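1. Need a 3D model of the following:
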Amino acid sequence: MNAKGARSTDYTFFTAWRVAGSAEDVAQILGDPVGLARWWPSVYLRVDLIHPGKENGMGRMARLHTKGWLPYTLRWTLTVTEPITGKGFAIRATGDLDGTGRWTFEQDGPEVLVTYDWRVSATKPLLRRLSWLLKPGFSANHRWAMARGQESLALELRRRRAGTGTQSVPAPPPPTFRGWRGVGGGWTSGFAARR
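-> Residues are numbered from 1 along each chain as shown. As a prediction, the model looks like this:
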């Protein structure tokens, strides 16, 4: 631990996005973990719903297989811990990442200011062992993933506004490395299997 009590495996990220749309649409999209692999495929390789939760989203649980730009993946479970509203919601992460996240949404005219406060500890052995050395790279990997999220969310909101004319909206960016199979997850060579 350092002088402030934080371990090298602890990460705190604050992300701010601005997208055209309504806070209610943003909440509906981000509050539906099953849709993440469809509209944010560069990061969410596979999502399996464990429990649908209550009507307001409380208790919704999903098992996630995610990645960033670097060639490693994370397997973790997301649990919604606060009702999903047009103002935001909170989640709990367990698995390769352990911690909390809070999405907040603020309508600003035709746009929504979206913020995400993500406080996690890396528990995956690869990240735990190398965090002391590669923490800046792991942090850059997270920033890359969140930048793809802003792009992909903006495209998803455009698709919703376009209705049946969705063919005019470009597809979201795919996973970085060609070896990824996409929604089914997995690496076509033995590289990731060794991680």
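2. for the record, mean pLDDT for stretch 82-99?
-> In this model, stretch 82-99 has an average pLDDT of 98.
3. Which helix or which strand is home to residue 28?
-> helix 23-30 (DSSP states H and E).
4. From the chain's centroid, how far away is that helix?
-> 14 Å (CA atoms, centre = their mean, to the nearest Å).
5. Buried residues in that helix, which are they?
-> Going by neighbour count (16 or more other CB atoms under 10 Å), the buried part of helix 23-30 is 23, 25, 26, 27, 29, 30. To be clear about C-beta, it is placed using only N, CA and C from the backbone, and glycine gets the same treatment.
6. name the helices or strands packed onto it?
-> strand 88-95, strand 97-108, strand 111-122, helix 125-162 (3 or more CB pairs under 8 Å, 6 or more residues apart in numbering; DSSP states H and E).
7. Just the CA atoms of it, as PDB, please.
-> Extracted in PDB, the C-alpha atoms of helix 23-30 (Å, rounded to 0.1, in the frame of the first residue of the first chain):
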ATOM      1  CA  ALA A  23     -31.400  11.100 -20.300                       C
ATOM      2  CA  GLU A  24     -34.200   8.400 -20.200                       C
ATOM      3  CA  ASP A  25     -32.900   6.800 -23.400                       C
ATOM      4  CA  VAL A  26     -29.300   6.800 -22.000                       C
ATOM      5  CA  ALA A  27     -30.500   5.200 -18.800                       C
ATOM      6  CA  GLN A  28     -32.400   2.600 -20.700                       C
ATOM      7  CA  ILE A  29     -29.400   1.700 -22.900                       C
ATOM      8  CA  LEU A  30     -26.800   1.700 -20.100                       C
END
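8. after that helix, next one along is what?
-> helix 36-39.
9. ok so, going back, what's the closest of the helices and strands packed on helix 23-30 to residue 11?
-> Closest approach to residue 11 among those (CB to CB): strand 111-122, 5.4 Å.
10. same for that closest one, what does it pack against?
-> Checking 3+ CB pairs under 8 Å, 6+ apart, strand 111-122 ends up next to strand 10-20, helix 23-30, strand 97-108, helix 125-162.
11. Repeat the analysis, applying 7 Å as the threshold.
-> strand 10-20, helix 23-30, strand 97-108 (3 or more CB pairs under 7 Å, 6 or more residues apart in numbering; DSSP states H and E).
12. among these, which is the most enclosed?
-> Neighbour counts (mean count of other CB atoms under 10 Å) averaged over each of the helices and strands packed on strand 111-122 peak at helix 23-30, with a mean of 19.
13. What residues of stretch 53-65 count as buried?
-> 53, 57, 60, 61, 62, 64, 65.
14. Farthest-apart pair in those, please.
-> For the buried residues of stretch 53-65, the maximum inter-member distance is 21.2 Å, found between 57 and 65 (CB to CB).
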